[in-house]
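In: curious how this folds, go ahead:
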Amino acid sequence: MKKNHIWLFIISLLAPVYWTTAQELVEEIEEVVVDTLKKREKKPYTIRFGLDLSKPVMAQLDKDFFGLELVGDIRLFSEFYGAIELGNEKKTQQSEQINFTTTGSYLKLGFDYNLYENWKGMNNAIYLGMRIGNSFFKQKVNEYEPYQINHYWTTEIIKNGPEIREQDALSARWVEFIAGIKVKMINNLYMGFSIRLNRLMNDTRPDNFDNLYIPGFNKKTDENVWGAGFNYTLTYSIPVKL
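Out: Next up, the predicted model:
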């Protein structure tokens, strides 16, 4: 009997310890499960659309330029976004001895990958991305000055003739490497900025001339197939729960 009392006494002492330990273990397991579920919680699809503000600003500062670009993206996976950019440009410029006007439209398709870890409810982004750009445009020579080795004589600027014409059905294709940010301002309104490094893959050239400017790609030279650009966007985000 004494032994039974002793064992009951020992069990009564150890029972609260085991009970407390078991409760702590259960709580830890619950925390792990909750954290796992949070990590696996599917983020809602979001569609963002807006425009590049830099084009209208440049058009106000330069009377020889007009541009409009619409931008959009959609969340496909956790931090992976499909992106589209559609624009139109018209630019008149003087390049050495030629004054010309470029008019055309372009389409860019690609993706962005967000590197920024947001707090719950946020959708800001620090991202890297890539685009494939296609441009369809026309070039018009407005006037030109014939090239002369002897510069002692004044050269007349040519404003009429067979070379003063417009050539259409021109195109170009390039790839863009992008780094940028998107920051929520108020409600679902976002401001964004990105810089781009462009690599021209191919282009069709007008007769007796070259594409010195390509809508969407920007300036092009004979010696270099690389270009650069930027955009400054204002977009509106719409969450879509499926």
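In: break this structure down into its domains, please.
Out: 1-41, 44-240 (automatic domain parsing).
In: okay, the ones you listed in JSON lines with mean pLDDT and mean neighbour count next?
Out: Placement of C-beta: from N, CA and C, glycine included. Output for the domains of the chain, formatted as JSON lines (pLDDT from 0 to 100; neighbours: other CB atoms under 10 Å):
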{"stretch": "domain 1-41", "mean pLDDT": "47", "mean neighbour count": "9"}
{"stretch": "domain 44-240", "mean pLDDT": "88", "mean neighbour count": "15"}
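In: quick one: the helices in this protein?
Out: Residue ranges of the helices in the chain, as given by DSSP state H, are 2-40, 54-61.
In: quick one: the strands in the protein, in order.
Out: Along the chain, the segments classed as strands by DSSP state E run 45-52, 65-75, 80-95, 98-114, 125-144, 166-186, 189-203, 213-214, 218-219, 226-240.
In: output the ones you listed as a markdown table; include the columns distance to M58.
Out: Shown next, in a markdown table, are the strands of the chain (distance: least, CB to CB, whole Å):
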| stretch | distance to M58 |
| --- | --- |
| strand 45-52 | 10 |
| strand 65-75 | 6 |
| strand 80-95 | 10 |
| strand 98-114 | 14 |
| strand 125-144 | 18 |
| strand 166-186 | 18 |
| strand 189-203 | 15 |
| strand 213-214 | 13 |
| strand 218-219 | 11 |
| strand 226-240 | 10 |
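In: with respect to A59, which of the ones you listed lies nearest?
Out: strand 65-75 (5.2 Å; CB to CB).
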